[in-house]
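Asks: Structure for the following, please:
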Amino acid sequence: MERDDAVSLLHTDEGARALAEAMGEKDPGSLAAATRLRRSHSPEMAAEALGQAQLRHAARAKFGDLAPSLFFTHDALEQATRPVVSAWRAQRLKAEGITRVVDLGCGIGADSLACLRAGVDVVAVELDETTAQHAAANLSGGTVLHGDAVTLAPELLADAGPETCVFIDPARRTESGRTWKVEAFTPPWDFVLSLLDGPHSTVVKLGPGVPKQLLPEAVEALWVADRNDVVECSLWRTPGARPGHGAVLLDSRFPDLTQGVRVDDAPHEPLPVAPVGRYLLEPHGAVIRAGALDRVDPDAWLLDPQVAYLSTDHPVDTPLATCFEVLEDLDFNPKTLKAWVREHRVGSLEIKKRAIDVDPAELRKKLQPKGPNQATLVLVRTREGARALVVRRLATTSTG
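Replies: Numbering: from 1, shown residues only. Modelled structure (predicted):
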């Protein structure tokens, strides 16, 4: 097995100089910036440096202050794990006794970088040559191989012991966009399943919308969220894994709190269904996907057996759900709602809904909000039919 030593234009001394100049441009996508760089560099070098500078600017939203020191491609940046999630994963692996990770399809190396920072050795594989070169630059102290994961895995895992974990994030894209057709996965889904069924600890990163019928029964499936965003479903077969479904809520505002808030599903009686109480609970998307609605509050009930809105008669302060006080319970009738909006002089109107066939933007136009006040309407299905709840979001002291 040989390491590919070819380098792109940026991974040379001249490339470093060109990239430094490009990073100094206020607008690296402008014609003026391109003109300036072409005075001292070839058009190809200038274009690659300015393109990388634009990617680094875009990466700040995900990687913060780390972005200016990393190399990206457009697709790899979009697919890269958020730092708070990769840090959580790396810390968990380390806590379970993992000292070496074999990353089969590392992209630009976001997850591998977190492992290195946690003190876990990394061997990473990337199929795309340019992306592999960027990953090698990003993963100082790790080993990056350009090649096919299926081909390289047997040799990389030949002498692996219990301290080694395989990490894999199969690409789920086709020319027409993302897909859950397993035959289009790269590496193939059968290969992923063979890893989960093999002798080595394995973690698989999938999108949060993965169909549950794809998930093997003997693994721990965790829906992971960064604040309000459900960002992935990861499958764990490691020393500390607990088969079943769960949710982990992290918060990028507190990157040191990598343990987050965790909740698991468990056998339970179906939640009762009852009319709207004094408070409405909107469970976190990760909690919904994990099937852990009953963990939100022991006294909560459903408004409809098929819709993930809960209600209580007491306020609930939890990272597992957003709590609203129900101020009014109205008929779901555009004329009724329009009259209410006009009477209360509502100009700023938030409309939330689940499992009701209505376009909030179109409904807002019909209601013609106008005035100095603001309000939130939640359209819900109940046993008595659709209702429109006027609610007030409660402040929370919980973090997650």
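
Asks: From here on, just use CA atoms for contacts and neighbour counts.
Replies: Noted.

Asks: Tell me the pLDDT of the closest residue in space to P305 that isn't next to it in sequence.
Replies: Take P305 and drop its neighbours on the chain: the residue closest to it by CA to CA, 6 or more residues apart in numbering is V273, 6.4 Å away. Each residue has a pLDDT score; the one for V273 is 97.

Asks: do the same with D4
Replies: Looking at D4, its pLDDT reads 40.

Asks: ditto for F185
Replies: Here, the pLDDT recorded for F185 equals 87.

Asks: is it true that it touches A171?
Replies: Yes: judged on CA atoms under 8 Å, F185 makes contact with A171 at a distance of 5.6 Å.

Asks: rewinding a little: the residue nearest to P305 pairs with what?
Replies: Per DSSP bridges, the residues bridged to V273 are L302.

Asks: From here on, call the first residue 41.
Replies: Yep, numbering from 41; the last one is V313 now.

Asks: where does the stretch 241-390 of the chain have low pLDDT?
Replies: Across the stretch 241-390 of the chain, the ranges flagged by pLDDT under 70 are 294-299.

Asks: Go again with 80.
Replies: 292-299, 307 (pLDDT under 80).

Asks: on contacts alone, who are the packing partners of the helix or strand where E88 lies?
Replies: According to DSSP states H and E, E88 maps onto helix 83-103. Packing contacts for helix 83-103, counted by 3 or more CA pairs under 8 Å, 6 or more residues apart in numbering; DSSP states H and E, involve helix 53-63, helix 71-78, helix 114-119.

Asks: List of residues touching the first one?
Replies: Spelled out, that is helix 53-63. Outside of helix 53-63, the residues within contact range by CA atoms under 8 Å, 6 or more residues apart in numbering are 49-50, 68, 73, 77, 81, 85-86, 89-90, 92-93.

Asks: same question, stretch 304-318
Replies: Residues outside stretch 304-318 that contact it (CA under 8 Å, 6+ apart) are 284-287, 330-332, 334-335, 340-345, 351-354, 365-367, 422-424.

Asks: hmm, which of those residues are the buried ones?
Replies: When the contacts of stretch 304-318 are checked for burial by 16 or more other CA atoms under 10 Å, the buried set is 284-287, 330-332, 334-335, 340-345, 351-352, 365-366, 422.

Asks: how about the helices in this protein?
Replies: Listed in chain order, the helices of the chain (DSSP state H) span 53-63, 71-78, 83-103, 114-119, 123-135, 150-157, 169-178, 189-196, 229-236, 325-330, 374-383, 400-407.

Asks: Output the first one in PDB with nothing but the alpha carbons.
Replies: Coordinates of each C-alpha in helix 53-63 appear next as PDB, following Å, rounded to 0.1, in the frame of the first residue of the first chain:
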ATOM      1  CA  ASP A  53       5.500  27.000  -1.400                       C
ATOM      2  CA  GLU A  54       4.100  29.200  -4.100                       C
ATOM      3  CA  GLY A  55       0.600  27.900  -3.400                       C
ATOM      4  CA  ALA A  56       1.000  28.900   0.300                       C
ATOM      5  CA  ARG A  57       2.000  32.400  -0.800                       C
ATOM      6  CA  ALA A  58      -0.900  32.700  -3.200                       C
ATOM      7  CA  LEU A  59      -3.400  31.500  -0.600                       C
ATOM      8  CA  ALA A  60      -2.100  34.000   2.000                       C
ATOM      9  CA  GLU A  61      -2.600  36.800  -0.500                       C
ATOM     10  CA  ALA A  62      -6.100  35.500  -1.400                       C
ATOM     11  CA  MET A  63      -7.000  35.300   2.300                       C
END
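
Asks: Report the spatially closest residue to L49, excluding sequence-adjacent ones.
Replies: Nearest non-adjacent residue to L49, counting by CA to CA, 6+ apart: G55, 5.6 Å away.

Asks: Correction: the previous question concerned V336.
Replies: Closest to V336 by CA to CA, 6+ apart is L360, at 5.9 Å.

Asks: How about Q408?
Replies: The shortest distance from Q408 to any non-neighbouring residue, by CA to CA, 6+ apart, is to K378 (7.1 Å).

Asks: burial of that neighbour, as a residue count?
Replies: Look at K378: counted by other CA atoms under 10 Å, it has 18 neighbours.

Asks: ok, it to A60 distance?
Replies: The spacing between K378 and A60, counted by CA to CA, to the nearest Å, is 57 Å.
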